[in-house]
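**Q** I'd like to go over a predicted model; first the sequence, then the structure.
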Amino acid sequence: MSCSPTSAPGQNHREGITILELFEMFPDEETATAWFESVYWPEGRCCGHCGAMNTRQTPKGKPMPYWCPDCRSYFSVRTGTALACSRIPLRKWAIAVYLFVTNLKGVNSMKLHRELGVTQKTAWYMMHRLREAWQVGDLEALHGPVEIDETYVGGLRKNMSKWKRKQLKYTGTGGAHKTAVVGMKDRATNQVRAAVIDRPDQSTIRVMLDENVAEEAQVYTDGSRLYSRINHRCEFVRHDRGEYVRGDVHTNGIESFWAMLKRAHKGTFHKISPKHLHRYVTEFAGRHNVRQKDTVDQMKNVLAGLVGARLMYEDLTKNG
């Protein structure tokens with residue numbers, strides 16, 4: 001069930017899954033359900049509501065496959081996860097998870113709509129639910145060396161109307177039409193943290209670094225004034241003077257992450273709403289951080305992140 005290390009290009013030490021192997025893994029809904037149950041219940045079936053192990057199978061699987069006498073509730077393998085209210089077959093969810101982790105530039109809703117035979121609206125909602133897997137809580141501090149950089153994501157000025165370009169020119173808000181994103185990459189672990197920020201100023205950056213980077217870590221930046229008041233040992237290169245590398249001092253690692261994000265923005269999604277940009281940024285950071293794992297482990301990692309997650313369609317589409 002894995003690609004031969006001698007035949008696969010790139011990261012040869014990873015075990016991948018081909019499309020043919022994927023359909024052999026999930027030939028039908030019953031097999032897909034069994035796989036989800038093996039991932040979520042490795043030590044035996046437990047109630048998704050209260051966690052009790054003393055559960056029963058219901059006759060004919062109605063209204064749900066299992067019953068918990070302890071909390072007197074019906075449940076399924078979806079209960080307690082972001083898939084709880086979904087009517088999409090688990091086989092389609094398994095394929096969606098595979099596409100989600102193996103496409104480094106992401107999967108847009110039109111492609112998923114065509115691949116799974118669901119509506120574009122459903123595909124869009126499915127992908128946003130999978131992105132919830134990367135919405136993690138407390139993380140261990142990065143010990144470095146850590147590269148810090150910011151980028152701005154949004155439409156190109158040349159694609160704006162003449163009136164809009166003139167407005168930006170006269171107001172002096174050249175970057176106002178874009179959204180700021182700050183990223184950190186730990187060279188030792190290859191882990192990336194990235195987040196959308198409302199106010200790209202020194203105070204915001206300092207707080208973000210204090211929350212994510214160990215106090216003793218060595219930090220490398222590009223010399224932007226945003227990093228002039230951080231509480232860490234810092235060395236920088238001067239991009240404004242044509243200096244990009246000076247020994248170990250550079251930000252090439254985090255900049256390659258930005259390049260991937262922006263290629264996806266232009267080539268895969270074409271347009272990302274500022275309202276949802278944080279979801280895409282978190283997706284790309286999360287996928288980067290599990291990239292060294294075998295494909296099946298990446299898929300399991302996504303499923304684990306869906307436990308306790310809940311995303312309503314109304315929350316995605318409402319204004320504000």
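**A** Yep, that arrived.
**Q** Could you check the pLDDT of the residue located most distally from the centre of the chain?
**A** Distance from the C-alpha centroid of the chain peaks at Pro59, with 38.7 Å (C-alpha atoms, centre = their mean). On pLDDT, Pro59 comes in at 90.
**Q** next one: Ser2
**A** On pLDDT, Ser2 comes in at 49.
**Q** Surely Val192 touches Met184?
**A** Yes: using C-beta atoms under 8 Å, Val192 makes contact with Met184 at a distance of 7.0 Å. Where C-beta positions appear, they are placed from N, C-alpha and C, glycine not excepted.
**Q** Who has more neighbours out of the two?
**A** Met184 (25 against 22; other C-beta atoms under 10 Å).
**Q** SS state for that one?
**A** Recorded secondary structure, Met184: strand (DSSP: H, G, I helix; E, B strand; the rest coil).
**Q** what sits against Thr179?
**A** Thr179 makes contact with 152-154, 196, 274, 277, according to C-beta atoms under 8 Å, 6 or more residues apart in numbering.
**Q** Buried residues, stretch 303-315. List them.
**A** For stretch 303-315, burial by neighbour count (16 or more other C-beta atoms under 10 Å) applies to 303, 305-306, 309, 311.
**Q** State the mean pLDDT of that stretch.
**A** Here stretch 303-315 scores 91 as its mean pLDDT.
**Q** neighbouring contacts of that stretch?
**A** 36, 39-40, 80-84, 97, 125, 128-130, 132-136, 286.
**Q** Apply 7 Å and report the result again.
**A** Identification of contacts with stretch 303-315 by C-beta atoms under 7 Å, 6 or more residues apart in numbering yields 39-40, 80-83, 97, 125, 128-129, 132-135.
**Q** go on, stretch 41-54?
**A** Residues beyond stretch 41-54 that count as contacts (C-beta under 7 Å, 6+ apart) turn out to be 55, 66, 68-71, 73, 75, 79-80.
**Q** Buried ones only from those, please, as a PyMOL command.
**A** To isolate the buried members of the contacts of stretch 41-54 in PyMOL, using 16+ other C-beta under 10 Å:
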select buried, resi 55+66+68+73+75+79+80
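**Q** now the strands: where do they sit in the stretch 51-200 of the chain?
**A** Along the stretch 51-200 of the chain, the stretches classed as strands by DSSP state E, counting those that start in this stretch are 56-57, 66-68, 73-75, 146-154, 178-186, 192-197.
**Q** nearest to Arg263, of the ones you listed?
**A** Of all those, strand 146-154 sits nearest to Arg263, with 12.0 Å by C-beta to C-beta.
**Q** a markdown table for the buried residues of stretch 303-315, including distance to Lys105 and secondary structure?
**A** Below are the buried residues of stretch 303-315 laid out as a markdown table (distance: C-beta to C-beta, whole Å; DSSP: H, G, I helix; E, B strand; the rest coil):
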| residue | distance to Lys105 | secondary structure |
| --- | --- | --- |
| Leu303 | 22 | helix |
| Gly305 | 20 | helix |
| Leu306 | 22 | helix |
| Ala309 | 24 | coil |
| Leu311 | 23 | coil |
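**Q** Most widely separated two among the residues you listed?
**A** Pairwise distances across the buried residues of stretch 303-315 (C-beta to C-beta) peak at 15.1 Å, for the pair Leu303 and Leu311.
**Q** ok, back up a step: just the buried residues of the contacts of stretch 303-315.
**A** Buried members of these, scored by 16+ other C-beta under 10 Å, are 40, 80-83, 97, 125, 128-129, 132-135.
**Q** measure the nearest residue to Thr204 once chain neighbours are set aside to Ala188 for me?
**A** Excluding its sequence neighbours, the residue lying closest to Thr204 (C-beta to C-beta, 6 or more residues apart in numbering) is Ile197, at 5.5 Å. Noted for Ile197: a distance of 25 Å to Ala188, by C-beta to C-beta, to the nearest Å.
**Q** Equivalent analysis for Glu29, please.
**A** For Glu29 relative to Ala188 (C-beta to C-beta), the value is 43 Å.
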